[in-house]
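Q: my questions are about this predicted structure, shown below with the sequence.
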Amino acid sequence: MNNNFKQRGFSLIMVMILMVVIALLVIVTVQSSGTEMRISTNEADRKFALSKAEDGLRAGEHIIQTLLDDYIISNGSRQAVFSGSCANGFCSPTKDSFTTDQKTPTFEFDSAEPPTISAWERAGVLDVGCHQRTQPTCRVTQDGARYIIEYLGGRVTTDNENYEYFRITSRASGNNADTDVLLQTYIEVEY
């Protein structure tokens, strides 16, 4: 009878060890699935913000084409003024990024000294409230992407072809406040 008692105690210890191991496996699995869920949610939010920022780039490209079309149709009447303060999202380039061999640039610049820091790097230019100021420093798409257009100058080739250079910078946020995407593109337009 003494032998049977020892076997029952041994079985109880084995079952307890097995239960602890199963409990640890369940805890690890739950934590892992929670982490995977957060990763996939953050990735979806980043893709959402990226899509919005791309909309800002497209909106900027449309504005550039509209400005050039208006310039050509109106026979040289300048439709936009690019300034160091980025008024209405039209930014003048920094001293070292402007290039032109045109006698008369297609677009007008304000008379202030050109900035030394690129517009997209300056504080406040692409902040969330940039369009709510008395003098907006950016443009905003319908879905909330903020963007600016920098005129980088132009040139005329020996064949009398005009080229204009622009940099569009777009910034958008996702649903999470920490998700923020910044995109840039350079545009060369021939007209």
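A: Structure's in. What do you need?

Q: which residues in the chain form helices?
A: 2-73 (DSSP state H).

Q: what comes up buried for stretch 179-191?
A: Of all the residues in stretch 179-191, those buried under the rule 16 or more other Cβ atoms under 10 Å are 179, 181, 183, 187, 189. No exception for glycine: its C-beta is placed from N, CA and C like everyone else's.

Q: and the contacts of that stretch?
A: With contact meaning Cβ atoms under 8 Å, 6 or more residues apart in numbering, stretch 179-191 is reached by 42, 45-46, 48-50, 52-54, 56-57, 60-61, 64-65, 68, 72, 120, 126, 152, 161-174.

Q: and these, which are buried?
A: Counted by 16+ other Cβ under 10 Å, the contacts of stretch 179-191 give 45, 48-49, 52-54, 56-57, 60-61, 64, 68, 120, 126, 152, 164-174 as buried.

Q: so what's Gly153 bridging to?
A: Thr99, Tyr165 (DSSP bridges).

Q: for Glu190, same thing?
A: The partner residues for Glu190, given DSSP bridges, come to Tyr163.

Q: and for Tyr147?
A: Arg139, Ser170.

Q: do I have it right that it meets His131?
A: No - between Tyr147 and His131 there is no contact under Cβ atoms under 8 Å: 10.3 Å.

Q: and for these two, which residues touch both?
A: 138-140.

Q: so where is the chain shaky, pLDDT-wise?
A: Scanning the chain for pLDDT under 70 picks out 1-9, 72, 75-79, 96-106, 111-113.

Q: return the distance of the residue most central in space within it relative to Gly154.
A: Ranked by distance to the mean C-alpha position of the chain (Cα atoms, centre = their mean), the top residue is Leu182 at 2.3 Å. Applying Cβ to Cβ, to the nearest Å, the value for Leu182 to Gly154 is 26 Å.

Q: before we move on, what about Ile13?
A: Counting by Cβ to Cβ, the gap from Ile13 to Gly154 is 85 Å.

Q: name the residue in those two with the higher neighbour count.
A: Here Ile13 and Gly154 are compared on neighbour count by other Cβ atoms under 10 Å; more neighbours surround Gly154, at 22 against 9.

Q: surely that one is in contact with Asn162?
A: Yes - contact between Gly154 and Asn162 holds when scored by Cβ under 8 Å: they sit 6.3 Å apart.

Q: one step back: buried subset of the shared contacts of Tyr147 and His131?
A: Listed as buried from the shared contacts of Tyr147 and His131 are 138-140; burial here means 16+ other Cβ under 10 Å.

Q: out of the residues you listed, which is nearest to Gln31?
A: Within these, distances to Gln31 taken as Cβ to Cβ reach their minimum at Val140, with 40.4 Å.
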